[in-house]
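Student: model the structure of this input:
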Amino acid sequence: MKRPLDKEKDKIKQAISSAKSAKPAYSSLYPLLEALFLAQLEVKQNLALDPPSIAPERVQTRWSEGFPLLKRWEFPIDTDAAEKILTALEENIPADNLPLRDAGRALRDALTRLPQNREEIWKSFLEHEWEPWEEWVDTTEKDVASIIFCARSSLRPSLEVAAQDLTDRFPVPASWLKGYCPVCGSLPSLLSLQGEGERRAYCSWCATQWGLYRIQCPSCENRHHESLGYLYTENEPQYHVHYCRLCKTYFKQIDVREMIDPVYFPLEEWTTLHLDLLAQRAGWQQPASPSPIVYGEAQS
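Tutor: Got it, this is the predicted structure:
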C-alpha cells in the first residue's frame with residue numbers, strides 16, 4: 001500500500017503529465033512547477049511550526065462576526081523549510097528566465113549577507129500593503145513580482161500547514177459563505193463546482209477551501225445576478241471566467257465534475273493564465289489577494 005506522501009507525489013506527477021498533453025503552450029513552466037510542488041510537498045512532512053494558539057470560543061466569535069482567524073502576517077513560518085524550497089527553485093529556474101533567476105539570487109544574497117535578519121526577511125513577505133523586504137533585498141533593476149513569487153512560494157508550506165492545523169481543530173462551518181477565506185481573509189485564486197454543483201473557493205494564500213453561494217462575487221459580495229456574468233471558450237467549456245460589473249473584478253472557475261483527471265489547484269492557477277488574458281482583454285481586473293472587506297484596498 002502506498003503512503004499518503006507517495007500518493008500525493010503521484011497526483012502531482014499525473015497532473016503535470018496530463019497538463020503537458022492538454023496544454024502544451026505552458027511547456028516551459030512544467031519542469032519548474034513540478035520541482036516546486038514536489039519540494040513543497042516534501043518539506044511539509046517535517047515542518048517546525050508552533051501551531052497558532054486560539055481559544056475555541058474566540059474561533060466561534062470571530063466566525064459569527066465575519067472575521068477570519070488570522071491576519072496574513074500572523075502565520076508561523078519555518079525558515080529552514082523556506083530556504084530548502086528556495087534552493088529547489090534556484091536549481092530549476094530555466095536559464096533563459098533572467099527575471100526569475102535574478103529574483104532568486106537577490107533573495108539568496110540578502111539571506112547570506114544578513115544572517116542575523118534571516119527571520120525578519122522571510123516574515124517581511126507576509127506583509128501586503130508595503131514592501132519591507134526592500135530594507136534587506138536589493139530590488140534595483142529586479143522584477144519585484146518575481147522576488148515575491150520566490151519568497152511566497154518558499155513560505156507556502158508553512159501557511160498551508162498552519163491553516164490545515166486550524167481547520168482540523170476547528171472545522172469551517174457550512175454557514176461560512178463569505179467571499180474571503182475563513183482562516184486568513186484572502187480572496188480565492190480559483191473557484192470550483194463540485195459534487196452536486198456545490199461552489200467552493202480555493203484560498204490564494206493558505207489553500208483553505210470553503211463554500212460559496214452559486215451566485216456571488218467573492219470580492220464585493222455582490223449577489224445580484226443581473227450584474228454578474230461569465231466568459232468561456234468553446235474548446236474549454238469546463239473553465240469559466242466569472243466577472244462582476246459592480247467592482248469590475250473577475251475570478252476563474254473550474255467545473256471539476258467535467259474533469260477526467262484529478263484536479264491539482266496549484267497547477268491550475270498557472271495553466272489558466274490564458275483565462276486571465278481573456279478576462280483582462282474584456283476589461284475585467286484581477287483583484288489583489290487580500291480581501292478588501294477584511295484588509296481594505298491592498299496591493300499584493
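Student: give me the neighbour count for Tyr295.
Tutor: Number of residues near Tyr295 (other CB atoms under 10 Å) recorded here: 20. (Each C-beta comes from the backbone N, C-alpha and C, glycine too.)
Student: state the pLDDT value of it.
Tutor: You'll see Tyr295 listed with a pLDDT of 94.
Student: equivalent analysis for Ser300, please.
Tutor: With respect to pLDDT, Ser300 scores 60.
Student: Lys7 now?
Tutor: For Lys7, the pLDDT comes out at 88.
Student: so it belongs to a helix, correct?
Tutor: Yes - assessed by DSSP: H, G, I helix; E, B strand; the rest coil, Lys7 belongs to a helix.
Student: between the two ends of stretch 227-247, how far is it?
Tutor: Length of stretch 227-247, first residue to last, CA to CA, to the nearest Å: 10 Å.
Student: kindly apply the preceding question to stretch 243-250 instead.
Tutor: This stretch, stretch 243-250, spans 4 Å end to end (CA to CA).
Student: so what touches it?
Tutor: For stretch 243-250, contacts defined as CB atoms under 8 Å, 6 or more residues apart in numbering pick out 217, 219-220, 222, 224, 227-231, 241-242, 279, 282-287.
Student: and those, which are buried?
Tutor: Buried members of these, scored by 16 or more other CB atoms under 10 Å, are Cys217, Ser219, Cys220, Asn222, Leu228, Leu231, Val241, His242, Ala279, Trp284, Pro287.
Student: can you spell out which helices and strands pack onto the particular helix or strand that has Ile148 in it?
Tutor: Element membership for Ile148, per DSSP states H and E: helix 144-169. Under the contact definition 3 or more CB pairs under 8 Å, 6 or more residues apart in numbering; DSSP states H and E, helix 144-169 sits against helix 30-44, helix 79-92, helix 98-113, helix 118-124.
Student: looking at those, which is nearest to Lys142?
Tutor: Among the helices and strands packed on helix 144-169, the nearest to Lys142 by CB to CB is helix 98-113 (5.3 Å).
Student: which of the residues in the closest one are buried?
Tutor: For helix 98-113, a neighbour-count test (16+ other CB under 10 Å) marks Pro99, Leu100, Arg101, Asp102, Ala103, Gly104, Arg105, Ala106, Leu107, Arg108, Ala110, Leu111 as buried.
Student: same question, stretch 118-129
Tutor: Those would be Arg118, Ile121, Trp122, Lys123, Ser124, Phe125, Leu126, His128, for stretch 118-129 by 16+ other CB under 10 Å.
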